[in-house]
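# Please find the sequence and the predicted model below.
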Amino acid sequence: MATYVLAGFKRTDVRGNEAALKYFLLGSFASAFLLYGIALIYGSAATTNYALIRQVTALQGEVPATLRVGLGLLLVGFGFKVAIVPFHAWAPDVYEGAPTPVTAFMTVGP
């Protein structure tokens, strides 16, 4: 939560406010993808332990569609959070609008 506030630290800077809003909205969507993905994984395997998920899928014979979708949503959520390709489009806008020390922290900190 602190990085959302730090991105919009300069209240009078329009670019900083835009960067903070983009960072907040995309971070919220990424968190929603992560949460929904984890919920689908737990719903299909009844556990979040990777070893047990593997055992459950081995017993079923094939990977359930909900587990595949859950893993996909998990990947998308982490992709947005870490800003890997192709989910990195928000990063230049946010880094440009945030103050320089905050940008330095955001690139290596969270």
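Sure thing, it's come through.

# so which strand or helix has Glu62?
Glu62 is located outside every helix and strand, with elements delineated by DSSP states H and E.

# how close does it sit to Ser44?
Using C-beta to C-beta, to the nearest Å, one gets 12 Å for the distance from Glu62 to Ser44. To be clear about C-beta, it is placed using only N, CA and C from the backbone, and glycine gets the same treatment.

# Determine which member of these two has the greater number of neighbouring residues.
Remark: of Glu62 and Ser44, Ser44 carries more neighbours, 21 against 9, as counted by other C-beta atoms under 10 Å.

# Check the secondary structure at that one for me.
Here Ser44 takes the helix state, with states given by DSSP: H, G, I helix; E, B strand; the rest coil.

# before we move on, what about the one 10 residues further on?
At Arg54 the chain is in helix, as set by three-state DSSP.

# What's the separation between it and Phe80?
26 Å.

# what about the helices in this protein?
For the chain, the helices defined by DSSP state H occupy 2-7, 14-45, 50-60, 65-82, 90-97, 100-108.

# Check what contacts the helix or strand of the chain with the lowest mean pLDDT and list those residues.
When the helices and strands of the chain are scored by mean pLDDT, DSSP states H and E, helix 2-7 comes last with a mean of 80. With C-beta atoms under 8 Å, 6 or more residues apart in numbering as the test, helix 2-7 has contacts from 16, 19-20, 23-24, 27, 94, 97-99, 102, 105-106, 109-110.
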